[in-house]
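**Q** the following comprises the amino acid sequence and a computationally predicted model.
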Amino acid sequence: METKPTPVKFALIRILTEQFATLDENFVDKEEISLGVNIKFGVDVPLRAITVFVTIRFEVKSQPFLLLEAGCIFGVSPQSWESFIQPDAKIILIPEGFLTHLSVITTGTCRGILHSKTEGTAYNRFLLPTINVTELVKGDISLPLE
């Protein structure tokens with residue numbers, strides 16, 4: 001008989017806007033716009049928290065004109081946290097599926113921050129499209145416990 005994996009119990013405990021900038025000198029209207037998205041992960045062992053940071057760069061001719069870096073901090077229940085701990089290796093191993101889920105939440109949060117920060121400006125027309133985070137999260141992540 002197969003056992004189902006225990007769902008991870010967690011809560012969003014904080015949203016951070018680390019960087020927001022509009023660089024008018026780099027924007028050229030009617031030029032092709034490219035979008036760069038990067039995701040980083042971290043842990044706060046004493047708080048049993050996982051941090052997901054998303055960096056977004058709207059660019060023209062490889063020059064950024066709209067930048068946002070924001071993150072979400074997720075508290076993880078003690079039981080779920082313990083299931084990630086690899087004591088022999090002194091690491092925490094966070095499953096890909098859970099990281100993908102947290103990344104989707106954080107990306108959506110960034111979409112709202114971007115809208116809020118650009119509301120009433122010409123930059124409000126640049127919406128963060130849907131992002132397939134499964135292309136950005138590749139496998140489980142192991143991070144040191146110290």
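**A** All right, it came through fine. Numbers count the residues shown, from 1 in each chain.

**Q** check whether Leu114 sits in a helix, strand or coil.
**A** Here Leu114 is recorded as helix under DSSP: H, G, I helix; E, B strand; the rest coil.

**Q** contacts only, for it.
**A** By CB atoms under 8 Å, 6 or more residues apart in numbering, the contact set of Leu114 is 56, 66, 68, 126-128. For the C-beta atoms, the positions are set from N, CA and C on the backbone; glycine is no exception.

**Q** 6 Å instead, please
**A** If you count contacts by CB atoms under 6 Å, 6 or more residues apart in numbering, Leu114 has them with 68, 128.

**Q** pLDDT score assigned to it?
**A** Note for Leu114: predicted pLDDT of 97.

**Q** poorly predicted segments of this protein, please.
**A** Scanning the chain for pLDDT under 70 picks out 1-5.

**Q** this structure: strands as residue ranges?
**A** Along the chain, the stretches classed as strands by DSSP state E are 10-22, 33-44, 49-60, 63-76, 85-86, 91-94, 141-144.

**Q** which one of those strands lies nearest to Glu119?
**A** Proximity to Glu119 (CB to CB) singles out strand 10-22 among the strands of the chain, at 12.5 Å.

**Q** reformat the strands of the chain as CSV; add mean neighbour count and distance to Ile105.
**A** Putting the strands of the chain into CSV (neighbours: other CB atoms under 10 Å; distance: least, CB to CB, whole Å) gives the following:
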stretch, mean neighbour count, distance to Ile105
strand 10-22, 14, 7
strand 33-44, 14, 12
strand 49-60, 21, 8
strand 63-76, 20, 6
strand 85-86, 12, 23
strand 91-94, 18, 14
strand 141-144, 14, 16
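
**Q** and these: which comes nearest Lys117?
**A** Closest approach to Lys117 among these is made by strand 10-22 (5.2 Å; CB to CB).

**Q** that closest one pairs with which strands?
**A** Sheet partners assigned to strand 10-22 using DSSP bridges are listed as strand 63-76 (antiparallel).
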